[in-house]
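*Asks:* A predicted structure for the sequence below; I have some questions about it.
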Amino acid sequence: MNAAGGLERRLARLESAEAIRNLVGLYALGADRRNDPEIFSGLFTDDAEWEAAGFGRFQGRDLIVAELARIGRETIVWTLHYMTSPVVEIDEEGTGARCRWWLWELSKIKDQPGAEPVAHFLGGTYDTRLERTPDGWRFSRVVLDLPLVSPHAPGFKTRP
């Protein structure tokens, strides 16, 4: 491979990694807007999978977006996501990738319908697969592992 071809390949990989990091940031933005369907609908492939123990496993972009929005309305009613230290691995062809990052989240969770939300700390990891589509990088698989879900007494105050 000539030097120009190698430089173009390296630049494409850097641009892809940056685009994926931006996708992680958009995911956090959508999550902090109560799993905003308008934002989330642009983050997933049509046949994507999303799963997290205690929340469910959803197949297909439309179902993922609808179920995450429902969780934002009914269960996790306020959040502040810190997505930290994303590790991006682009495949050799540059058409697929894996991205893992750590999550630290402040949230308010309703345990039951009609109950007052309780302040919680959440901590865990995301392990994702991505595909390059004609519209850019999109998540094809998202697995959230939350080993820390802890109520925080007496709670913290948030704006509505």
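*Replies:* Right, received. Where do you want to start? Numbering: from 1, shown residues only.
*Asks:* so Val143 makes contact with Phe55?
*Replies:* No. With contact defined as C-beta atoms under 8 Å, Val143 does not count as touching Phe55 (11.3 Å). Yep, even glycine has a C-beta here, placed from its N, CA and C like the rest.
*Asks:* please enumerate the helices of the chain.
*Replies:* 3-31, 37-40, 61-74 (DSSP state H).
*Asks:* out of the ones you listed, which is closest to Arg129?
*Replies:* helix 3-31 (10.9 Å; C-beta to C-beta).
*Asks:* mean pLDDT, mean neighbour count and distance to Pro117 for the helices of the chain - can I get that in JSON lines?
*Replies:* Listed next are the helices of the chain as JSON lines, based on pLDDT from 0 to 100; neighbours: other C-beta atoms under 10 Å; distance: least, C-beta to C-beta, whole Å:
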{"stretch": "helix 3-31", "mean pLDDT": "93", "mean neighbour count": "15", "distance to Pro117": "16"}
{"stretch": "helix 37-40", "mean pLDDT": "98", "mean neighbour count": "17", "distance to Pro117": "21"}
{"stretch": "helix 61-74", "mean pLDDT": "97", "mean neighbour count": "18", "distance to Pro117": "11"}
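*Asks:* mind listing what Ser41 touches?
*Replies:* Contact partners of Ser41, counting by C-beta atoms under 8 Å, 6 or more residues apart in numbering, are 61, 65.
*Asks:* can you give me the strands for the protein?
*Replies:* Remark: strands assigned in the chain by DSSP state E are 44-52, 56-59, 76-90, 96-109, 118-133, 136-151.
*Asks:* name the helix or strand of the chain that has the lowest mean pLDDT.
*Replies:* Lowest on mean pLDDT, DSSP states H and E among the helices and strands of the chain sits helix 3-31, with a mean of 93.
*Asks:* which ones are touching the residue most central in space within the chain?
*Replies:* Using C-alpha atoms, centre = their mean, the residue of the chain that lies closest to the mean C-alpha position is Tyr27, 4.5 Å off. For Tyr27, the contact set (C-beta under 8 Å, 6+ apart) comprises 40, 43, 83, 139.
*Asks:* can you name the two of those that are farthest apart?
*Replies:* Largest pairwise distance in the contacts of Tyr27, by C-beta to C-beta, is 14.6 Å, between Phe40 and Met83.
*Asks:* okay, His81: pLDDT?
*Replies:* His81 is assigned 98 on the pLDDT scale.
*Asks:* that one: how many residues sit nearby?
*Replies:* 19 (other C-beta atoms under 10 Å).
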